[in-house]
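Visitor: 3D, please:
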Amino acid sequence: MRRELWTCENGNPGVEAIEAIRKSRLDLVFLQGGQLPFVHVMDIDWIEAAGYYACLHVGNDTHVMRRTLELERDLGEERFGRIHRSIIVNLERICALEVEKSGEYEVVLKNKARLRLSRRFKKGLQSRVNDMRKRIPSPIAD
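Guide: Next comes the predicted model:
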């Protein structure tokens, strides 16, 4: 499906368009270079903080939006979780948790990205991943 970028003559987006899309919670829309790129929320692999900006990692692309990681609330706690004070991850993209020789954990994503898991968020992440896996039916029938 082709996504179009909405722009206005003065480069500012229409407020109604932004609000309608934000309410749907399916796409993120933000001003980037005078355009409004659409980023489907479930396409986001992970997000990292960069000061007052959030870097959205979507496949091989990185989109920068002027927003702090308070964005986590808008994305939905059932889909995304914080693994570090500066990193939010799409829970469905997690492939494994690996323990390093130092005892630190890394989150390995399906796209092979490796992200540091802080001790502060380890227990919560393990619980959420276990809960998520319980909801997914087993492919082996009894």
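
Visitor: need the helices for this protein, in chain order.
Guide: Taking DSSP state H as the criterion, the chain contains helices spanning 15-24, 71-75, 119-135.

Visitor: any idea which of those scores lowest on pLDDT?
Guide: Confidence, taken as mean pLDDT, is least for helix 15-24 of those (a mean of 50).

Visitor: contacting residues for residue 109?
Guide: With contact set as Cβ atoms under 8 Å, 6 or more residues apart in numbering, residue 109 has these partners: 45, 46, 89, 93, 94, 95, 115. In this view, the C-beta of every residue, glycine as well, is placed from N, C-alpha and C.

Visitor: Tell me, please, where in the protein the pLDDT is lower than the cut-off.
Guide: For the chain, the stretches flagged by pLDDT under 70 are 1-37, 135-142.

Visitor: Please repeat the previous calculation with a cut-off of 80.
Guide: Applying pLDDT under 80 to the chain flags the ranges 1-39, 71, 74, 76-78, 129-142.

Visitor: picking up where we left off before, show me how to select, in PyMOL, the buried members of the contacts of residue 109.
Guide: Filtering the contacts of residue 109 down to the buried ones (16 or more other Cβ atoms under 10 Å) takes a single PyMOL command:
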select buried, resi 45+46+89+93+94+115
